[in-house]
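K.L.:
When you get a sec, could you give me coordinates for this:
(chains A and B)
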Amino acid sequence: MAFPFPDEVLEHVFSFLHSDRDRNAVSLVCKSWYEIDRWSRRRVFVGNCYAVSPRAVLRRFPEVRSIEIKGKPHFADFDLVPEGWGGYFFPWTASMAVSYPWLEEIRLKRMVVTDACLELIAKSFKNFKVLVLSSCEGFSTDGLAAIAANCRNLRELDLRESEVEDSSGHWLSHFPDTYTSLESLNISCLLSEVSFSALERLVGRCPRLRSLRLNRGVPLDRIASLLRRTPQLVELGTGAYSADLTPDVFSSLSGAFSGLKELRSLSGFWDVVPAYLPAVYSVCSGITTLNLSYATIQSTDLIKLVCECHNLQKLWVLDYIEDSGLEAVAASCKELRELRVFPSGPFEAEPNVALTEQGLVSVSEGCPKLESVLYFCRRMSNAALCTIACNRPNFTRFRLCIIEPRKPDYLTLQPLDVGFGAIVKHCKGLRRLSLSGLLTDRVFELIGTHAKKLEMLSIAFAGESDLGLHHVLSGCESLRKLEIRDCPFGDKALIANAEKLETMRSLWMSSCSVSFGACRLLGQRMPRLNVEVIDESGERPETRPESCPVEKLYVYRSVAGPRLDMPDYVWSMENESSVPI
Amino acid sequence: MSLPLLGVEGGTSDVTKVTGSFSLKESPDGLSLGLKERNYLGLSSDSSSVDSSVVSGQLDPEAQANKFNTKATELRLGLPGSQSPERELDEKPLFPLLPSKDGIKNAVSGNKRGFSDAIDSFSDEKWMFHRPDEGKQLLGQGKFPNNAAINVMTASRHSGPQQPGKEVPSKPLLERSNGINLSGGANNAPAAKAQVIGWPPVRSFRKNTLAAASKGNDEVDGKPGPSPLFVKVIMDGAPYLRKVDLRNYYKYCELSVALEKMFSGFTLGQCGANGTSGREMMSESKLKDLLHGSDYVLTYEDKDGDWMLVGDVPWEMFIETCKKLKIMKSSDAIGLAILVKLAPKGCFHHIYGTRDGNLLFLPLPAFLFNPALRKPYCIDSIASHDILAC
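P.N.:
Sure, this is the predicted structure:
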């Protein structure tokens, strides 16, 4: 039967499919749909840079304009992945420079990007528009200078939370005077100062600039002049929010802020001087995102500011806000969807603020749209967790970090199994969960039973036996990423659920009880899994007994085979032997 | 875990290897864990370990600070390993710049200070890690209450008895990350908190920012929060750099040992005779020999961007000013002739002769002189009369 639609029509239909999953599904229907999708796919997402080779991506999707790649495992954020582990972007740059001359967008997370990469990007992609480097490292301001100098059509340069070496050149001045297309600039992670005058000139000549996130070095008293040139700003990240308090500076700042009619997001606020906060009150009613997680100010000042923001949807704040502050938030911010409370004194033995489980309970009661939570606190109870779960069955992301490992319910001294169990029972749409506190295998049984939509699970200092891990691997149908540290999980659960690992993106286990022998077995049995053992002791793992537990284990599915860029402390468990390549 | 959080692996000191197997037992004052507290100073009258509570007692912070300030940087003329005649030894100084009689291990005169030399010559007990948050009351708003952070690695401050009356919150002991469950603390174990890598899960950028912010906010100056302090370690010729958390160590030899382990694989190129290649790791002793033979020196970049040899300032000062570490080939480090010139009267320097006849000067501790004068000078620019006799 002749297919009724010409390819162009199908292509047009496919263009309405935005999710990768849908497009992947479409490509499986028949050969011709596969081909049509292949040639019309403009955007590719690679969740693990080692899951597929650059060449394979380029071969299958020849007309890509936008690529997003993730490198190191999430626990790299917490220094659990040693330096030199990998995640190098250069092989991708090199291949894409040849095959994707029309590439427009690169978004990377936790990858090693060198100046050489940036220079190659600057030279190779004539229509380059968007560069987002999230938690990346390996480059300096020299690389940024190359981008600035050469990418005429650059719209977005976002360096969020990357580590940038300061090469003390004035990279910002490398944007030519003819360059006017900047729409979004995020340099908040830069430790070095940028030339203020270059910045002023740059923002002055870019009329479409809507997002500007400055670094700490930009002084408060000069921000007003910047803001007056950018009345169309939607997102602003201030620099250090402190200056000698003078009426002039204050009124100038106030005036400048009141001109920002489109402003929806505020961040920055390093070194806050509370007396200056009222300068932003005029924009608060429009603010939907507020990041005060670097603002080391007291609860009363925080409350005053936050309660002006009635339309707030996303709030990131330090635990200085305390239970009383969160109560106020619960009363004023009825649109709140996401709350993150960070610890101000994470390494101190004693609590330094009056923030407890009560704050989270208040917010869960008062904010009907709340669906995403990251909460650091020092005590929790099953009762509170049950209350929270009942209040907010619409949670999609719930991350609770009780600062002291293995801390039980402070009221009953029981494990927190029941509390977290309530969370997974009530929140049927839960996609991401992080556990903490004292937990037995029971909580994992509950998770395996109820958390059917769970995609990412983080476990630390929890559980009693392999059964815990087994519950999770056998029960969580949607699980994609599992990261575990310091749990007594061993070989049995891993080997028994080996096939499950192929349905997931990755598994990380560190300081657990997985033996070298089991890793080897897993590597041998599952050719489409890369099983990597990280061992920094300096000896080959084979020199020790097979039953010896490995330091760290990273398992991920891959069609690229074992990687070739492993450092000497990463050992690949492959079919024949465990000799790394 | 890669880096020892507690104790020293393979160290030569008398530090207890504090591993994960804590035992909880009663002690005479009813307060202790089975952890043996080691006297890192080795200077108290009973230099053997004191089986006392880990909780540091009510030390007099002022006295400590004074001792730290004056004794620590009291300078003596002469090469490392020698004693200048006017040195008073009636009271054991806490932080002599030159090793006292006990501590001389590698009194090498006229030789380049190698990696191990620099560390060992100021042997373990001399540089004490002064935990400034112990016993100190934080001034400032109520937001920043007294930090009672207690660390298992706390060195004893003095030989006096610990005050048992200090209030200790009873919490389960936070053990090392090897899966031992010590929860359900029904004991009165003091909340000795060991720092676990990556916990709580706070990203470095945030940690560093908050640490810097709290530095600014505190009335008490120079209080570094107990947050991890990662610095990069580069070794000439190594394929990639490493990072170490300086808070894991309390003296130079610990750092030295850890670095030796970390970089043991990288000095292969230097021992070409064996033809080692690929995965063969050099044994630690071999590496020590290599380093002891002074092919490498450990240097660091300080806040001013100057490169200095590691080992000559008190440990705490070192960790506050160290931005980066670099293991350099000795031949490169010889160019690091740094002379710090003091006010003309009574200049004190450490002067070392290097193997190829250069004079190597080492800088003086910062708080003993005007920072403005601390600029390093090229050796050429110093007139001969400024160079004091060794």
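
K.L.:
quick one: low-confidence parts of the stretch 151-300 of chain B?
P.N.:
For the stretch 151-300 of chain B, the stretches with pLDDT under 70 are B:151-195, B:213-228, B:239-240, B:264-295.

K.L.:
For the stretch 151-300 of chain A, list the residues in contact with chain B, please.
P.N.:
Listed as neighbours of chain B in the stretch 151-300 of chain A under the rule Cβ under 8 Å from any Cβ of the partner chain: A:161, A:163, A:189, A:270-271, A:293-294, A:296, A:298. Quick note: C-beta positions are derived from backbone N, CA and C, even for glycine.

K.L.:
which of the residues you listed has the weakest pLDDT?
P.N.:
For those, the weakest pLDDT value sits at A:Asp271, with 85.

K.L.:
Kindly indicate the member of the residues of the stretch 151-300 of chain A next to chain B with the most neighbours.
P.N.:
With neighbours defined as other Cβ atoms under 10 Å in any protein chain shown, the most crowded of these is A:Tyr294; it has 27 neighbours.

K.L.:
How about the secondary structure of it?
P.N.:
When states are read from DSSP: H, G, I helix; E, B strand; the rest coil, the local structure at A:Tyr294 comes out as coil.

K.L.:
Just give the closest residue to it, not the sequence neighbours.
P.N.:
Counting by Cβ to Cβ, 6 or more residues apart in numbering or on different chains, A:Tyr294 lies nearest to A:Trp270, which is 4.9 Å off, once chain neighbours are set aside.

K.L.:
so how far is the first residue of stretch A:54-67 from its last?
P.N.:
From the first residue to the last, stretch A:54-67 extends over 11 Å; the measure is Cα to Cα, to the nearest Å.

K.L.:
avg pLDDT for it?
P.N.:
96.

K.L.:
what's the spacing between it and its chain's center?
P.N.:
Distance, stretch centre to chain centre, for stretch A:54-67: 24 Å (Cα atoms, centre = their mean, to the nearest Å).

K.L.:
now stretch A:232-249
P.N.:
Its chain's C-alpha centre and that of stretch A:232-249 lie 27 Å apart, by Cα atoms, centre = their mean.

K.L.:
Which positions within that stretch qualify as buried?
P.N.:
Using 16 or more other Cβ atoms under 10 Å in any protein chain shown as the test for burial, stretch A:232-249 gives A:233-243, A:249.

K.L.:
and these as JSON lines, adding secondary structure?
P.N.:
Shown next, in JSON lines, are the buried residues of stretch A:232-249 (three-state DSSP):
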{"residue": "A:Leu233", "secondary structure": "coil"}
{"residue": "A:Val234", "secondary structure": "coil"}
{"residue": "A:Glu235", "secondary structure": "strand"}
{"residue": "A:Leu236", "secondary structure": "strand"}
{"residue": "A:Gly237", "secondary structure": "strand"}
{"residue": "A:Thr238", "secondary structure": "coil"}
{"residue": "A:Gly239", "secondary structure": "coil"}
{"residue": "A:Ala240", "secondary structure": "strand"}
{"residue": "A:Tyr241", "secondary structure": "coil"}
{"residue": "A:Ser242", "secondary structure": "coil"}
{"residue": "A:Ala243", "secondary structure": "coil"}
{"residue": "A:Val249", "secondary structure": "helix"}
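
K.L.:
and which of those residues is nearest chain B?
P.N.:
Within the set of these, A:Ser242 lies nearest chain B; the separation is 9.1 Å, counting by Cβ to the nearest Cβ.

K.L.:
which residues does the closest one contact?
P.N.:
The contact partners of A:Ser242, by Cβ atoms under 8 Å, 6 or more residues apart in numbering or on different chains, come to A:220, A:270-273, A:276.

K.L.:
at 6 Å what do you get?
P.N.:
In this structure, A:Ser242 makes contact with A:271, A:273, judged by Cβ atoms under 6 Å, 6 or more residues apart in numbering or on different chains.

K.L.:
now A:Leu157, what's its secondary structure?
P.N.:
Once three-state DSSP is applied, A:Leu157 turns out strand.

K.L.:
where's it relative to chain B, distance?
P.N.:
Between A:Leu157 and chain B the distance, using Cβ to the nearest Cβ, to the nearest Å, works out to 18 Å.

K.L.:
what about that residue, neighbour count?
P.N.:
Close neighbours of A:Leu157, defined as other Cβ under 10 Å, add up to 20.

K.L.:
thought it was touching A:Leu131?
P.N.:
Yes: counting by Cβ atoms under 6 Å, A:Leu157 does reach A:Leu131; the two are 5.5 Å apart.

K.L.:
any idea how far A:Ser184 is from A:Gly259?
P.N.:
Here A:Gly259 is placed at a distance of 20 Å from A:Ser184 (Cβ to Cβ, to the nearest Å).

K.L.:
scratch that, A:Ser572 is what I was asking about
P.N.:
Here A:Ser572 is placed at a distance of 39 Å from A:Ser184 (Cβ to Cβ).

K.L.:
A:Trp92 now?
P.N.:
A:Trp92 sits 23 Å away from A:Ser184 when distances are taken as Cβ to Cβ.

K.L.:
more crowded one of those two?
P.N.:
Here A:Trp92 and A:Ser184 are set side by side on neighbour count (other Cβ under 10 Å), and the busier one is A:Trp92, at 25 against 19.

K.L.:
what's the distance between the more buried one and A:Leu108?
P.N.:
From A:Trp92 across to A:Leu108, the span is 9 Å (Cβ to Cβ).

K.L.:
now A:Arg406
P.N.:
If you measure A:Arg406 against A:Leu108 using Cβ to Cβ, the figure is 36 Å.

K.L.:
May I see the buried residues of stretch A:361-379?
P.N.:
By 16+ other Cβ under 10 Å, the buried positions in stretch A:361-379 come out as A:361-367, A:370-379.

K.L.:
and that stretch, what's its mean pLDDT?
P.N.:
On average, stretch A:361-379 scores 97.
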